[in-house]
Structures are given as structure tokens and as C-alpha cells.
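> Provided below for reference: sequence and predicted model.
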Amino acid sequence: MPWVTKPLASVTHRIGGGTPARERKDYWGGDIPWFTVADLQDVEDIQCLSTSRESITEAGLANSAAKLVPEGAVIFSARVVVGKVGIAKNAMATNQDFSTFVPCDGLDREFLAYFLIKAKGDLRSHQRGATIKGVTTKVLDALEVPLPPLPEQRRIVGRIKEFMARVKEVEELKNSSRIQQQYLSASLIESELHPDLTGAEGWTTRTIGDLVTTVRNGKSIAQDTEGLADGAVLTLTAVRSFDLGISFQKPIVLPNQVAKQFRIDAGDVFVSRANTIELVGLSAVAMEAISERLIYPDLLIKLKVDPTLILPRYLAYALRSASSRKQIKARALGSSQTMVKISGERLREISVPVPSLIEQAKIVGRLDAAHDLMRHLAVESLSGEVEVLRGAILRKAFAGEL
């Protein structure tokens with residue numbers, strides 16, 4: 001039997017959001033969690049929302065467009081990044097970038113949440129706005145929601161969760177595979193860079209402090225959520241590959257002086273200052289100067305090499321060798337293996353084998369070729385593939401095929 005569909009406005013009560021005046025200190029820091037788009041991940045699954053980065057007071061709630069969202073309401077980001085979905089685990093408030101929906105008695109909240117995730121692709125095609133893109137309440141209210149019987153909705157939700165759990169297992173296996181690939185990469189680099197293994201003459205061992213002219217942490221600025229961004233800052237993901245991934249960035253309001261102080265130049269080598277024990281100290285090199293207003297964050301350390309001693313790309317490879325990784329892990333400090341840190345001073349102590357500049361260039365060429373081959377053989381689109389799987393599950397669910 002075909003499912004009945006009804007406009008979203010007829011099966012939910014919609015609640016808007018707002019931002020209390022920033023200049024009123026008595027409106028901020030209260031007991032009411034206050035969510036912005038930055039508090040949610042952009043994933044194909046429901047997020048459980050309880051605590052946020054900022055909170056507001058009762059006075060802030062009463063004197064702004066913000067409204068109290070009840071426990072169990074479905075929260076949907078309709079501006080900035082359209083399609084982030086969560087369920088309120090307690091009473092809270094949101095800014096103006098969200099539309100929140102309280103389902104009627106015949107609509108399961110998780111069924112609605114998954115449907116909104118599934119619909120986000122279509123909704124994004126309706127985005128409007130010159131500076132801040134978003135979906136209007138008119139478009140949202142008119143969205144046709146399928147309404148099978150309530151027991152069927154709950155059965156479908158159960159099937160979605162079952163399949164999502166399997167996708168999570170795939171994701172964890174692929175993450176493990178990527179770590180193993182890093183070990184293989186470290187061994188490959190070691191075979192080229194270690195003079196004891198190559199048997200080459202004319203190598204010296206130098207510390208990072210001897211080889212660089214600058215060791216400097218970046219600047220972290222909170223992501224802009226109000227459409228005022230005029231620049232960007234890299235994220236830690238930018239150093240996952242040998243070439244600096246400048247596409248991994250978040251929008252920020254960027255003062256000109258900060259843009260100059262923390263700019264990215266060709267040949268700059270970046271090292272992750274804080275991460276898990278397996279990822280701390282990963283290195284990448286910027287092969288070209290960045291013309292856009294882009295800086296690097298405090299969690300990355302920038303190294304400028306002495307060009308008479310070492311090539312930037314050789315240094316990036318050397319820091320990823322097995323022997324360097326061992327030294328970095330030994331110097332990383334932290335009470336939890338989920339987040340450890342290495343300081344610039346400790347990084348200076350790391351020693352690497354250094355041949356002539358001519359030999360360095362040959363080694364870099366061989367390692368570039370080897371890693372190009374590894375990239376072709378490896379699964380590089382981990383997050384993309386997983387999100388495609390999650391999207392396919394939702395499409396089948398709401399086509400009545402689960």
C-alpha cells in the first residue's frame with residue numbers, strides 16, 4: 001500500500017532560533033545550552049544533542065528570538081550548512097540557523113530525523129542567499145513527509161540503525177587499514193632515508209633544530225557561524241597527506257595582521273602538534289604559496305628549512321620515517337592516548353639522516369613515485385565512501401525497501 005504523505009508543517013510544530021545580544025553579559029553563560037551549526041557534525045546520521053560550546057541565561061532567552069526547545073525535538077540546520085540533524089536530549093535553544101520540529105503524535109521523532117537527513121540533498125538545491133546560504137521556512141514547511149503507520153515507522157528506524165551499525169563497522173575497519181598503511185609508508189621511507197640500510201656514504205645525522213630557521217605554532221580562531229568570514233584556517237586533517245591539504249579548512253573572521261603573521265608560503269613544512277599517539281607529529285609540505293586568506297592553526301607547527309642544508313619535501317618525508325615516528329611518540333606528552341602533544345622545543349630534538357641536496361632530490365623523486373602508486377592502490381575516499389553507504393541506506397528506507 002502506498003504511503004500517505006503530508007506537508008511537514010501539518011505534522012510538526014516548528015520552533016525558530018535566535019541570538020541574544022552579545023554585548024549583554026547577563027544573557028550569556030547560563031544553564032540553557034545554545035547550539036550553533038558548528039556544534040554539529042555534517043554526517044548522514046542522527047546526532048544526540050545535550051551540551052553545546054555556549055549557553056545562555058533565562059534573561060537571554062526572554063529577550064531574543066531564541067526559543068526553548070523541548071527534549072525530543074528534531075533539530076535541523078537550515079542555514080550556513082543545510083542538513084545537519086540532531087535530537088534534543090534535554091531542553092535547549094538554538095541560533096537563527098536552525099529550524100526545530102516537534103513531531104505530532106503520529107510521527108516518530110527518529111523517523112522524521114532520518115527523513116530530514118535523507119532529504120538534505122534536495123533541500124540544498126533550494127538554498128538561497130547572497131552571503132549566507134539557506135533554505136526558507138516556506139520550502140521546509142512544504143516538504144512532503146511520508147507517513148506509514150507508526151509501528152512501521154519504528155520498524156524502519158530499527159532497520160536503519162541496524163544497517164548504520166554495519167556501516168560503522170566498515171568505517172572502523174577502514175580506519176584500521178589506514179593506520180596500517182601509515183606503518184607501511186614509514187617503513188618505505190626508512191628504507192630510503194636510513195644510511196645504515198642504504199649503505200650510502202656522505203650522510204650526516206642532524207637535529208631538526210639544526211636544519212630549520214623557524215619553528216612556530218599557528219593561530220586558532222573560532223569558526224564563523226554568522227556569515228562574516230573573510231578568511232579561513234586549516235584543520236588538522238590538512239597534514240594527513242604529504243602535500244598540505246589546503247581544502248581542509250574552516251571559515252573565520254581574519255584580521256589582516258594575523259593573516260600576515262600566520263601566512264603559508266611555498267616550502268613551509270607543517271607538523272601536527274596535538275593528536276592521537278598514531279597521528280601526532282604527522283608532517284606535510286606546502287608546495288606552492290597560498291594566495292587566499294588562509295592561515296594555519298595553533299595545533300600545527302610551521303617549520304622553515306635552511307635551504308642550504310635540506311629540501312622541504314625531504315624533511316616532510318624524513319619526519320614520517322619509522323625512526324622519526326618513534327622519536328616523536330617518545331617525546332609526545334599527555335595523560336590520554338586519545339590526545340597527546342609535542343612542543344616545538346621537543347620537535348627540535350628529533351634527529352634525521354641528511355645526505356647531500358642532490359641525493360635528497362633523488363630520494364624525494366623515488367618516494368613520490370612510490371607513494372603515487374600506493375595512493376592508487378589504497379582506498380583514499382574513506383569518508384566519502386562511508387557517507388555514500390549511509391545515503392544509500394536512507395534512500396532505500398524511505399522508498400519502502402528496507
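Happy to help now that I have it.
> buried stuff in stretch 110-124?
By 16 or more other Cβ atoms under 10 Å, the buried positions in stretch 110-124 come out as 110-120, 123. (Each C-beta comes from the backbone N, C-alpha and C, glycine too.)
> State the mean pLDDT of it.
Computed over stretch 110-124, the mean pLDDT rounds to 90.
> what sits up against that stretch?
Contact with stretch 110-124 is made by 12, 44-46, 74, 76, 82-83, 85-87, 101, 103, 135, 139-140, 143, 145-146, 153-154, 156-157, 160, 391, 394-395, 397-398, as judged by Cβ atoms under 8 Å, 6 or more residues apart in numbering.
> can you check stretch 317-334 too?
183, 185-187, 189-190, 192-194, 208, 242, 269, 271, 274, 277, 280-283, 340-343, 346-347, 349-354, 363-364, 367.
> Pull out the buried members of these.
185-186, 189-190, 192-194, 208, 242, 269, 271, 274, 280-283, 340-343, 346-347, 350-354, 363-364, 367.
> Show me the residues you listed that map onto strands.
In strands, defined here by DSSP state E, the members of those are 269, 271, 274, 283, 340-341, 351-354.
> For those residues, give me JSON lines that also has pLDDT and distance to Pro251.
Output for those, formatted as JSON lines (pLDDT from 0 to 100; distance: Cβ to Cβ, whole Å):
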{"residue": "Val269", "pLDDT": "96", "distance to Pro251": "25"}
{"residue": "Val271", "pLDDT": "94", "distance to Pro251": "24"}
{"residue": "Ala274", "pLDDT": "87", "distance to Pro251": "22"}
{"residue": "Ser283", "pLDDT": "92", "distance to Pro251": "26"}
{"residue": "Val340", "pLDDT": "88", "distance to Pro251": "28"}
{"residue": "Lys341", "pLDDT": "90", "distance to Pro251": "26"}
{"residue": "Ser351", "pLDDT": "93", "distance to Pro251": "39"}
{"residue": "Val352", "pLDDT": "93", "distance to Pro251": "36"}
{"residue": "Pro353", "pLDDT": "92", "distance to Pro251": "41"}
{"residue": "Val354", "pLDDT": "93", "distance to Pro251": "39"}
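> and of those, the nearest to Gly202?
Val354 (9.8 Å; Cβ to Cβ).
> show me what contacts Trp3?
146-148, 400.
> Would you mind checking these for buried ones?
Buried among these by 16+ other Cβ under 10 Å: 146-148.
> quick check, nearest of the residues you listed to Lys6?
Distances from Lys6 to those, taken by Cβ to Cβ, are shortest for Leu147, at 5.8 Å.
> what is that closest one paired to in the beta sheet?
According to DSSP bridges, the partner residues bridging Leu147 are Val4.
> Would you mind giving me the confidence score for it?
93.
> Check what pLDDT Asn90 gets.
The predicted local confidence for Asn90 is 94.
> next one: the one 10 residues further on
The confidence metric pLDDT takes the value 95 at Thr100.
> And the one 5 residues further on, by the same measure?
Looking at Asp105, its pLDDT is 90.
> Just the element for it, please.
Of the helices and strands defined by DSSP states H and E, none includes Asp105.
> burial measure for it, as a count.
7 (other Cβ atoms under 10 Å).
> Next: Val4.
Applying other Cβ under 10 Å, I find that Val4 has 12 neighbouring residues.
> Now for it: which residues touch it?
Val4 touches 146-148, counting by Cβ under 8 Å, 6+ apart.
> Please report how far it lies from Pro146.
Distance of Val4 to Pro146, computed by Cβ to Cβ, to the nearest Å: 8 Å.
> could you pull out the strands for the stretch 51-200 of the chain?
Under the criterion DSSP state E, counting those that start in this stretch, the stretch 51-200 of the chain contains strands at 54-56, 74-77, 85-88, 93-94, 98-103, 144-147.
> can you list these in JSON lines and add distance to Asp372?
Formatted as JSON lines, those follow (distance: least, Cβ to Cβ, whole Å):
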{"stretch": "strand 54-56", "distance to Asp372": "45"}
{"stretch": "strand 74-77", "distance to Asp372": "38"}
{"stretch": "strand 85-88", "distance to Asp372": "38"}
{"stretch": "strand 93-94", "distance to Asp372": "45"}
{"stretch": "strand 98-103", "distance to Asp372": "44"}
{"stretch": "strand 144-147", "distance to Asp372": "47"}
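> Lovely, talk soon.
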